[in-house]
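>>> whatever this is, show me its structure:
(one chain, ligands or ions: 2)
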Amino acid sequence: MSHLVAPSLLSANFLQLKDEIDMVNQSEADLFHVDVMDGHFVPNISFGFSIIKQIKSQAEKPLDVHLMISNPDHYLRDFKDAGADWLSVHYETCPHLHRTIQQIHNLEMKPGVVINPHTHVELLRDILPDVGFVLLMSVNPGFGGQHFIENAYRRIAALREMKAALNPDLFIEVDGGVGTGNAAALLEAGADILVAGSAIFKASDPKATIKKLKNPA
Ligand code: DX5
Ligand code: ZN
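Ligands and ions are numbered 1, 2, ... in the order given. Prediction:
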């Protein structure tokens, strides 16, 4: 199966959000990556339900909603109602991760777990059969446009081994500092989904950049 590309709307021009969404609709991208930040788990605040509902009304591809919020369990149904198709929660925010994943599954969204750059991949072993995807952060979450952290390659490779043994259908998604310069190497390491924000929306030709991320040299 060929890999997926998920443009992160965090770096879009919100004054022209409809045009930005239409650009993604018309591009080779596969998913809309939607970053939700609460100013508590991460130092930044992004956007909430009303914006996501409006994104959903215009988007022609599934919404991959990445929750960077404390107590995500309180809001799972609200994100479903807002239009999330894929929903990921941070390992670091979920003391009852198995229950949280089960609830996302019961709400008929694809459940994912996210880990920060310092969280050991091995900690995912017992939850791996229950999730549809793992999102590996390759920056510390909270902002777009940060530098890629190189340990991501080693982490993707370790997760790939666990995937082969425990859940071959798992998607490995990588998020943060991804662009045309490192896409091929990330895919080679085992990534299945590339998230890119600033590399796409700050490019002079965003649609061509998506095409390059879909077809890296
Ligand atoms: C960061 C977010 C990312 C962010 C990536 O906390 O999870 O999805 O938008 O932005 P870039 O691709 O610019 O690093
Ligand atoms: Zn993200």
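
>>> ok, Leu9 - how many residues close by?
Counted with other Cβ atoms under 10 Å, the neighbours of Leu9 add up to 27. Where you see a C-beta, it was placed from the backbone N, CA and C, and this is true even at glycine.

>>> now do the lengthiest helix in the chain: distance to the chain's middle.
For the chain, the helix that runs over the most residues, judged by DSSP state H, is helix 152-166. Here helix 152-166 shows a centroid-to-chain-centroid distance of 17 Å under the convention Cα atoms, centre = their mean, to the nearest Å.

>>> Pro117 and ligand 2, how far apart?
13 Å (Cβ to the ion, to the nearest Å).

>>> SS state for that residue?
coil (DSSP: H, G, I helix; E, B strand; the rest coil).

>>> just checking, Gln102 touches Met109?
No: counting by Cβ atoms under 8 Å, Gln102 does not reach Met109; the two are 11.7 Å apart.

>>> so these two - more neighbours on which side?
Taking neighbours as other Cβ under 10 Å, Gln102 and Met109 compare with Met109 leading, 22 against 13.

>>> ok, now which ones touch Thr180?
For Thr180, the contact set (Cβ atoms under 8 Å, 6 or more residues apart in numbering) comprises Ala199, Thr209, Lys212, Leu213, Pro216.

>>> among those residues, which one has the most neighbours?
Highest neighbour count within the contacts of Thr180, by other Cβ under 10 Å: Leu213, with 28 neighbours.

>>> around ligand 2, which positions in this protein sit nearby?
Residues of the chain lying near ligand 2 by Cβ under 5 Å from the ion: Asp35, His66, Asp175.

>>> now the strands for the protein?
4-7, 32-37, 63-68, 86-90, 110-115, 133-137, 171-175, 193-196 (DSSP state E).

>>> packing partners of the fourth one?
It refers to strand 86-90. On a contact count with 3 or more Cβ pairs under 8 Å, 6 or more residues apart in numbering; DSSP states H and E, strand 86-90 meets strand 63-68, helix 76-82, helix 97-106, strand 110-115, strand 133-137.

>>> for ligand 1, which of the ones you listed is the nearest?
The closest of the helices and strands packed on strand 86-90 to ligand 1 is strand 63-68. By Cβ to the nearest ligand atom, the value is 5.4 Å.

>>> contacts for that closest one, please.
With Cβ under 8 Å, 6+ apart, strand 63-68 has contacts from 6, 31-38, 41-42, 52, 55-56, 75, 79, 83-90, 93, 114, 135, 141-142, 173, 175, 193, 195.
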